[in-house]
Every structure is written in structure tokens, then in C-alpha cells.
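*Asks:* got a predicted structure here, sequence first:
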Amino acid sequence: MDDAGNDIRKAARNHAYSMPIEDIKPLDPELFRSDTLWPYFERLRAENPVHHAVDEEVGPYWSVTKFNDIMAVETNHNVFSSEPAITAFDPEEDFQLPMFIAMDPPKHDAQRKTVSPIVSPHNLMNLEPVIRERAAGILDDIAIAEEFNWVDKVSIELTTMTLATLFDFPWEDRRKLTLWSDVATAAPESGILGTTDPEEHEQRRRTTLFECADYFLNLWNERVNAPPRNDLISMLAHGESTRNMDKMEYLGNLILLIVGGNDTTRNTISGSILALNQNPDQYQKLRDNPALIPSMVSETIRWQTPLAYMRRTAKEDFVLRDKTIKAGEKVLMWYVSGNRDEEVIENPNRYDIERARPRHHLSFGFGIHRCVGNRLAELQLKVIWEEILARFPTVEVVGEPRRVFSSFVKGYEHLPVVVPTRNKLAA
């Protein structure tokens, strides 16, 4: 980290501890783009773990920042509803996208059950050699001693290939999945749609997502008139609880599966490169002992926390610690903070690939909404790192990452790296 980066983080810490605590606004996406969120959450955990704030765009909301408090909310779906949304933004009346992650039982359970066979142990066993072959191809195509963007070249490419396989999506159009994933979660300030004007951004966003819906409707019509197959579109088209979805619910569930299957894994793949470069002692441990890959994968998923929070809405008044959350109020479970809770995780700010309980984290959620694709995410990370270590002595980060402007998706747009050389046997 350069001196400028250190100065920015030092200023953030001073600001976080000098401002009135009620003025801390965890939803500020600039905290995530600048990677200065940590002292604000540290202070909230210590002094005000159930924190009330007001945001200009989303209104008032509660922030729950400690591990066990998040678990208490996450596992109490009778009081804390996933409807109407999983982010702090309420659905717009004229553009609602129902999706099963933002539903309560029994509808949530039925729709989740429809797609869960795609990540069954048997299916993952069949997917592993496919993922490995693709990972090998991506890595073998890397130019030695030339700087490139790891996010685009490796992380996005591998996860998009996997997602295209799960959908049985036309291979030549697979990068459309990347675009739709980014557009679904991007703020106007990202400029991803060629404008930073909020109204113009929203208009273009809707147009792009309707293009996604129309593309997938064509695939739906192909699959619904054919015998059931082992892909997500066929599962949705033939599933008892999903076959009668309207266009917007279909689009909502598609966005859920695209973002869940793409954004999160790709940001953890990128995060693993960054974390190991920032902690060279851990990188050396991994090179010396590749058997640590599964532990490293879980530690990276905790350390990265690719989705920073999930929202719930109180269905009735509820007292958490000494705060009364009123019926109808928004509650944000900050996984990114819970994963750094000093009372639950020893030395939580340390990146340690030999943790005793590396899978003890909140990144996949918990309870009925635990990430349905968590094992697939772990599998892709395991495979890509087995293939990296087989080929390269090191992958070197050569500049500061450019992070996503979002307080929901915690990820990377650009990570400049160089691969200096190949292993002799892989040359």
C-alpha cells in the first residue's frame, strides 16, 4: 500500500472516531470504493451495535453490526421478513422484480427447491472437471511479464463460463450475463451505462434489464416445449412453483441467479489475489502447502465478504439489545462487519489461511436464506487456485485495485497484476 493510501485510511480512522456516532452512515458507497469502511464499523460494533441512521435515498434504517446479533435477525424469519427487498432500496411501484431470496416461506421454500438440484453434490462432481478445463485454458492464455486486469481476464471469465453452463446459455453471448449482473446492482455514479444522471441511468437500466428478460424468454420458450433438462431455465420452466411466473418475477429470479452466481464468486477470486499479495507470509504458506487451499478459500470468503449486507423488514416490534425496532422498519445485517467481530472471530482483521474454523463466517448468510450456491462458489475458488499454483510461482499485484462504487456488492472493477514467470513444468 502506498503512502497516499495510508494517509486516506488514517484520515478515515480519525474521522470515524471524532464524528458524532449518530452521524455515521454505513450505506455511503464511497466508504467501500475507498476501502475506508473498517473504522466506522469497528466503532459501531464497540459503541452502538444496533445503530439507527437516515439516508437521503432510502430513508431510515437500522444497522446490525455484530456477529451474534446478525444471526439473531437472520434466523428469525417470523419477525424479520425478506420481503419486499434484500437491499435498502424499496422496489419501485412500476418496476418490481420479485425473487425468491426476497420472499418468505412457503413461496420462498418452493422456488428455492426448484433450482437447488443444480448445485447438488452429484452435479458439482460433474461440473468440477469442466470448471478445471476452463480454468486451465484461461490461465494458459495469460501472457508472461505483461500487466493485465485480473478481474476481467480471469475472475469474470471463469465465473461467466460457469454461469453460462448452469443456464445452458448461448456460449458466444455469455458476456451479456456479466453486463446484466453489473447493471442490476450498479449505482448511477458507476457510469456503467454511459451516464451518471440518476434518471437517465434508471431509464437505461430498465431498458437493459428488459433486454435480459426478452433474451431469457426466448430460451424459456425453447425449454418449456422440450423435455426437462438439467439447466436452470429448464428447471424454472418445468418447476411446479415457477412455471407460471410472469415476466417480472422471471426477470427477478434471473437477476438473483445471475448476480448470485457471478458477482460474488468473481469478487472473491479477485479478493484472493489481493489478500495473498497483501499478506505475503500467507501466500508463501500456500505455495509451500497447497493442501491449505480449502482453508484459504473459506478465509478469503470471510475476508472479502462479497455482499456487504442483506436487508430484512420487521413484521412486528422487536427489541434487539436495548433498541426497539418498530414494525415496518428496515434492518440491515452487515455481514462485512460481523465477519470482523472481535468477540466471535479471533484476530478478525488478520488474513489467516490456517484458521481453526475458517468456514465460521457470515458471507453466505444463514438460516433459510443461506446461499444456495455456496458449495459451487467454494469449488470454483478451489479449482482456480489449484491450477494457479500448478502454473505460476506467483501472481503479483502491481497497483491499487479499483473497487466497485457500492455498499451492497463489495468487489473490484480492476486489479492490475503481472505473472513474472511460469513454473518450469508448466512452461
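*Replies:* Structure received. Residues are numbered from 1 along each chain as shown.
*Asks:* most centrally placed residue in the protein?
*Replies:* residue 264 (3.0 Å; Cα atoms, centre = their mean).
*Asks:* okay, the closest residue to that residue other than its chain neighbours: pLDDT?
*Replies:* The shortest distance from residue 264 to any non-neighbouring residue, by Cβ to Cβ, 6 or more residues apart in numbering, is to residue 306 (4.1 Å). No exception for glycine: its C-beta is placed from N, CA and C like everyone else's. For residue 306, the model assigns a pLDDT of 95.
*Asks:* who are the contact partners of residue 306?
*Replies:* 263, 264, 265, 267, 268, 271, 363, 409, 410, 411 (Cβ atoms under 8 Å, 6 or more residues apart in numbering).
*Asks:* mind running it again at 6 Å?
*Replies:* The contact partners of residue 306, taken as Cβ atoms under 6 Å, 6 or more residues apart in numbering, are 264, 267, 268, 410.
*Asks:* on the C-terminal side of the host helix or strand of the residue nearest to the centre of the chain, identify the next helix or strand.
*Replies:* Element membership of residue 264, judged by DSSP states H and E, is helix 247-278. Per DSSP H and E, helix 247-278 leads on to helix 280-288 as the next helix or strand towards the C-terminus.
*Asks:* contact partners of that following helix?
*Replies:* If you take Cβ under 6 Å, 6+ apart as the criterion, helix 280-288 is touched by 276, 292, 296, 351, 353.
*Asks:* equivalent analysis for stretch 158-170, please.
*Replies:* The contact list for stretch 158-170 (Cβ under 6 Å, 6+ apart) reads 118, 134-135, 138, 174, 177-178, 231-233, 261-262, 265-266.
*Asks:* and those, which is closest to residue 64?
*Replies:* residue 265 (25.4 Å; Cβ to Cβ).
*Asks:* I'd guessed the closest one sits against residue 380; true?
*Replies:* Yes - contact status for residue 265 versus residue 380: in contact at 5.4 Å, counting by Cβ atoms under 6 Å.
*Asks:* identify each buried residue in the helix holding residue 264, please.
*Replies:* For helix 247-278, burial by neighbour count (16 or more other Cβ atoms under 10 Å) applies to 248-277.
*Asks:* can you check stretch 22-36 too?
*Replies:* 24, 25, 26, 27, 28, 29, 31, 32, 33, 35, 36.
*Asks:* contacts for the helix or strand harbouring residue 337?
*Replies:* Per DSSP H and E: residue 337 is located in helix 335-338. By Cβ under 6 Å, 6+ apart, the residues outside helix 335-338 that reach it are 41, 65, 67, 70, 305, 308, 362, 363.
*Asks:* which among these end up buried?
*Replies:* Neighbour counting over the contacts of helix 335-338 (16+ other Cβ under 10 Å) leaves 41, 65, 67, 70, 305, 308, 362, 363 as the buried ones.
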